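**Student:** the amino acid sequence is not available; the structure is as follows:
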């Protein structure tokens, strides 16, 4: 058995240990606890939500298709994700698929407490202890840097929802990172929020100069419906020439938030840095906030509708699109996504296409699926190949870079997280051997939740 420290304080033994409290981890922990497992959720922040809260990433990207028979919207993700969105809507925290970070924090905190999930905040996973059973590793405990000390926390089954595959990495259980040839990872973005926007004036500009905006940009203001606008192409290019905007900014993109006149901006473009490096994350957040202020000043000076706007806040941390991915029993590919592939061991559905934000020296890539088309995600992509009792969910599931670029969005992460929590809990009857859980049992539970 691999032991890192001796004589550490023990935080207890749990059935299921979930590391990382982004949307995948939250859904995994809730699902596990609802299945009756004693579950603990660990995170480095003082609140839950990951990129949904610390990163302020809004809106939820497309997770629905149009029904081919009656044309109605058909969500592909239900279950815990649907419950989160419904409860946020009830407290005024949703506008279509856009949401407020404060509403997300409130709702998921309540849901975790309601089902009895043990919560450990302000803790960083420092190491993994394991033993070998045959050629595969059986994890026994995590070492946490918690406050000023190190602690051990034991478990029967582990779920890595860290976004960076930290547990997989620390256990040396097999992982990939970035582009298969160059190693490059996607550009990062610091989200920020602006208030005091006269949205109707901005939409009027879109109507007057449609060629200056992406075709999907909103052209009508309907109270209570989300506004999505991207472009301002010539204004951006002119501002870069005049030094008002940095060269990295390609366009302005924002979506409205529930509070009137407020919007979330997905505009900063941070290149050449590694999201697994604390040094690079520091640089990214410095760069991101410099870009944010320059974008805000540009909007106030040059764009109708922003004359009386004000900057409210930025994400606590930069939005990281891509780092490590686990090597699982199956590796999801871009072809799987674009062909709408279905699997015999499906645990989730999605329709978001390939979306790669290019780094220095590479082009961005965006490829959508046809309307009504969707693909499935197999259970094997959640099972770490070199481990007996380790699952992954969210951004770090087993996939190529192309596949990952489609799977990384929040709704899909919620679905894979819920599936991982269900499988982890069910595997307790098999001594934590996640491969031994009969798929028919998993399928029945996930189908009832509306996820497959």
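**Tutor:** Received the coordinates, thanks. Since this is a predicted model, take the numbers as computed values, not measurements. Residues are numbered from 1 along each chain as shown.
**Student:** pull the residues that contact the helix or strand hosting residue 444.
**Tutor:** Assigned by DSSP states H and E, residue 444 belongs to helix 439-449. The set of residues external to helix 439-449 that reach it, using Cβ atoms under 8 Å, 6 or more residues apart in numbering, is 35, 78-80, 344-348, 379, 418-419, 422-423, 426, 452. Bear in mind the C-beta positions are built from the backbone N, C-alpha and C, glycine included.
**Student:** try stretch 286-304
**Tutor:** 188-190, 192, 194, 198, 201-202, 204-205, 232, 235, 239, 244-246, 248-249, 252, 265, 267-270, 306-307, 309, 311, 314, 318.
**Student:** next secondary structure element downstream of the lengthiest helix in the chain?
**Tutor:** The helix that spans the most residues within the chain, counting by DSSP state H, is helix 278-302. Toward the C-terminus, helix 278-302 is succeeded by strand 310-314 as the next helix or strand (DSSP H and E).
**Student:** now do the helix or strand following that next one: which elements does it pack against?
**Tutor:** Helices and strands here follow DSSP H and E; after strand 310-314, the next one along the chain is strand 324-326. Packing partners of strand 324-326 (3 or more Cβ pairs under 8 Å, 6 or more residues apart in numbering; DSSP states H and E): helix 166-170, strand 175-177.
**Student:** wait, which of these is closest to residue 66?
**Tutor:** Of all the helices and strands packed on strand 324-326, strand 175-177 sits nearest to residue 66, with 34.3 Å by Cβ to Cβ.
**Student:** and the closest one, what does it pack against?
**Tutor:** strand 324-326.
**Student:** chain center to the strand it packs on: distance?
**Tutor:** Between the centre of strand 324-326 and the centre of its chain there are 14 Å (Cα atoms, centre = their mean, to the nearest Å).
**Student:** element containing residue 415?
**Tutor:** helix 410-426.
**Student:** average model confidence for that helix?
**Tutor:** Averaged over helix 410-426, pLDDT sits at 99.
**Student:** tell me how many other residues surround the residue nearest to residue 256 when sequence neighbours are not counted.
**Tutor:** Residue nearest to residue 256 in three dimensions, not counting chain neighbours: residue 227, with 4.0 Å by Cβ to Cβ, 6 or more residues apart in numbering. If you count neighbours by other Cβ atoms under 10 Å, residue 227 ends up with 24.
**Student:** surely residue 227 is in contact with residue 206?
**Tutor:** No - using Cβ atoms under 8 Å, residue 227 is not in contact with residue 206, being 9.7 Å away.
**Student:** mutual contacts of these two, please.
**Tutor:** Joint contacts of residue 227 and residue 206 (Cβ under 8 Å, 6+ apart) are residue 218.
**Student:** okay, and the beta partners of the closest residue to residue 314 other than its chain neighbours?
**Tutor:** Nearest non-adjacent residue to residue 314, counting by Cβ to Cβ, 6+ apart: residue 192, 4.1 Å away. Applying DSSP bridges to residue 192 gives these bridge partners: residue 265, residue 314.
**Student:** can you get me a residue count around residue 192?
**Tutor:** Residues near residue 192, counting by other Cβ under 10 Å: 25.
**Student:** same deal with the one 5 residues further on?
**Tutor:** Per other Cβ under 10 Å, the neighbour tally for residue 197 reads 24.
**Student:** then the one 5 residues further on?
**Tutor:** For residue 202, the count of nearby residues is 23 (other Cβ under 10 Å).
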